[in-house]
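Engineer: Output the structure for:
(chains A and B)
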There are 2 protein chains.
Amino acid sequence: MQQYFIDKFEVSLNEHIPLSELDSHHFINVMRAKIGTEIKVVDRKGFAYVAKFVENNEPIALLEIVRSVEAISIELPVNVTIACGLSKNDKVDTIVQKATECGMNEFIPLALKRDVVKWTGNKVTSKMERLAKISKAAAEQSHRLVVPLVRDLHTLDQLIKKANSFDVKLIAYEETAKEGFHSQLAEVFRQLEPSQKVLMVFGSEGGLESNEVEKLEAAGFLACSLGPRILRAETAPIYFLSALSFSLELDKL
Amino acid sequence: MQQYFIDKFEVSLNEHIPLSELDSHHFINVMRAKIGTEIKVVDRKGFAYVAKFVENNEPIALLEIVRSVEAISIELPVNVTIACGLSKNDKVDTIVQKATECGMNEFIPLALKRDVVKWTGNKVTSKMERLAKISKAAAEQSHRLVVPLVRDLHTLDQLIKKANSFDVKLIAYEETAKEGFHSQLAEVFRQLEPSQKVLMVFGSEGGLESNEVEKLEAAGFLACSLGPRILRAETAPIYFLSALSFSLELDKL
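Structural biologist: Coordinates of the predicted model:
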């Protein structure tokens, strides 16, 4: 069943609600919905409902809330923010899409020294809008109950300033792997408690400079290995979130 | 340090060896190597060496073996084959690239009933050649010691026939997740022993038909959940390999 997010904090049974213009277009023209088609909608509080297509007020599809959907645990038990350096081409798009599927709650694009690309001027705005769209579409596709927030571009200093609001702060750092220390991540996962806020920093293709790592470590970040193989910039966040999901959602049962 | 595979079973110190024409082109023209540049080479047995660029016999770069590289454990402790339905666009390319980074040993393209695309005639040959190239390049990039083998296109019956050679046979099946059974994969990982052969089957975007799952289960395959969120066809194998790597390489230390 197709899922869409609706921009209301609360809905009630039998209420008629409109889909956004963009979602209406997708629903009517791409999914080829007919009057009577049922879909799943999620409100801004993360409650899910089955809704029925009752009226086509082009360009808006009008839905009627039919019943609430029993809450099953779709969201990771902890709240994860991924901060990533600016990789080339569409790699940041890929990271946001896949990390959304894998349970990320927030994404922070991070300007690092070794980034091969820079986001400046109009590029920042258009990139942000694009990433927000990707995050929403991926959240709908993977039936998430929240749309991950895409934050503004941060410098490392800006990230460090706001890092105090996180319970656990991590860095994916290849050099840690080279030294053969592979156990930190499992140790961190074992100590996580429900609803804690986790921030993990990833470099772009260029990686992190050692003095960037030192700055982060001085601010309480822990450098972690993601295993013995070298992962591409866009693969590392997926590895991390998959390992976290496995550890907290499949292994601790 | 850049890594290339060399097509020899054994090399000795001070031996002069040529890179393949394709790798020579990459080394000289893309990496802009100069005489004296050192790189890492891996022979067909998986032994790694530092080699020095000694002569440019265009189009071939000639290297001298300088020293052997101490073996560190780069490969997963078990041998993993990923069999995937035929997804659209470049999704199978993505799976082979990322699964290679994450430690896969063999890839089997699998023709399933709900596949949106079919591979027929010349398409099969060109797809296979393309996937073999992707696997080799990704293995070099992630400093693997083996290049994952890309097998011929299999039907489900062909796959089942050869499944007896595997110690553990798994299916990624969404319906298992919907029923709330999330613990099988962790249980399987706990029982794995070094060097065992693992085969995991993934559907394409269309998923697996229930009678395909029944056929596999009758042949000893175990259906497993990859967590509560719906993953795209190209994300599921990465989740699986990341979870396996975390479990065997980071958590069991």
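Engineer: Enumerate every residue touching whichever residue of the stretch 1-150 of chain A sits closest to chain B.
Structural biologist: Per CB to the nearest CB, the residue of the stretch 1-150 of chain A with the smallest distance to chain B is residue A:142, at 4.7 Å. The C-beta positions use only the backbone N, C-alpha and C, and glycine is treated the same way. Residues in contact with residue A:142, defined by CB atoms under 8 Å, 6 or more residues apart in numbering or on different chains, are A:100-101, B:229-232.
Engineer: What parts of chain A come near chain B?
Structural biologist: Proximity of chain A to chain B, by CB under 8 Å from any CB of the partner chain, involves residues A:72-74, A:98, A:101-103, A:141-144, A:180, A:182-183, A:185-186, A:189, A:225, A:227-232, A:235, A:238-240, A:242-243, A:245-247, A:249-251, A:253.
Engineer: buried residues in stretch A:127-145?
Structural biologist: Buried residues in stretch A:127-145, counted by 16 or more other CB atoms under 10 Å in any protein chain shown: A:127-128, A:131-132, A:134-145.
Engineer: Which ones among those lie within helices?
Structural biologist: Among the buried residues of stretch A:127-145, DSSP state H puts A:127-128, A:131-132, A:134-141 in helices.
Engineer: how about TSV for those, with pLDDT added?
Structural biologist: Formatted as TSV, these follow (pLDDT from 0 to 100):
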residue	pLDDT
A:127	93
A:128	93
A:131	97
A:132	96
A:134	97
A:135	97
A:136	95
A:137	94
A:138	96
A:139	95
A:140	92
A:141	90
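Engineer: Neighbours of the nearest residue to residue A:34 once chain neighbours are set aside, how many?
Structural biologist: Of all residues not flanking residue A:34 in the chain, residue A:53 sits nearest, at 7.1 Å (CB to CB, 6 or more residues apart in numbering or on different chains). A count of nearby residues for residue A:53, using other CB atoms under 10 Å in any protein chain shown, gives 21.
Engineer: hang on, residue A:182 packs against residue A:227?
Structural biologist: Yes - between residue A:182 and residue A:227 there is a contact under CB atoms under 8 Å: 6.5 Å.
Engineer: list the residues that contact both of the two?
Structural biologist: With CB under 8 Å, 6+ apart, residue A:182 and residue A:227 have common neighbours B:249-250.
Engineer: can you list contacts of stretch A:209-221?
Structural biologist: Under CB under 8 Å, 6+ apart, the answer for stretch A:209-221 is A:112-114, A:156, A:160, A:163, A:169-171, A:173, A:175, A:201, A:208, A:223.
Engineer: Which ones among the residues you listed map onto helices?
Structural biologist: Using DSSP H, the contacts of stretch A:209-221 in helices are A:156, A:160, A:175.
Engineer: Residue A:80 falls within a strand, correct?
Structural biologist: Yes - Residue A:80: assigned to a strand according to DSSP: H, G, I helix; E, B strand; the rest coil.
Engineer: ok, it - contacts?
Structural biologist: Contacts of residue A:80 by CB under 8 Å, 6+ apart are A:103-106, A:198-200, A:241, A:244.
Engineer: so what's it closest to, chain neighbours aside?
Structural biologist: Spatial nearest neighbour of residue A:80, excluding adjacent residues (CB to CB, 6+ apart): residue A:198 at 4.9 Å.
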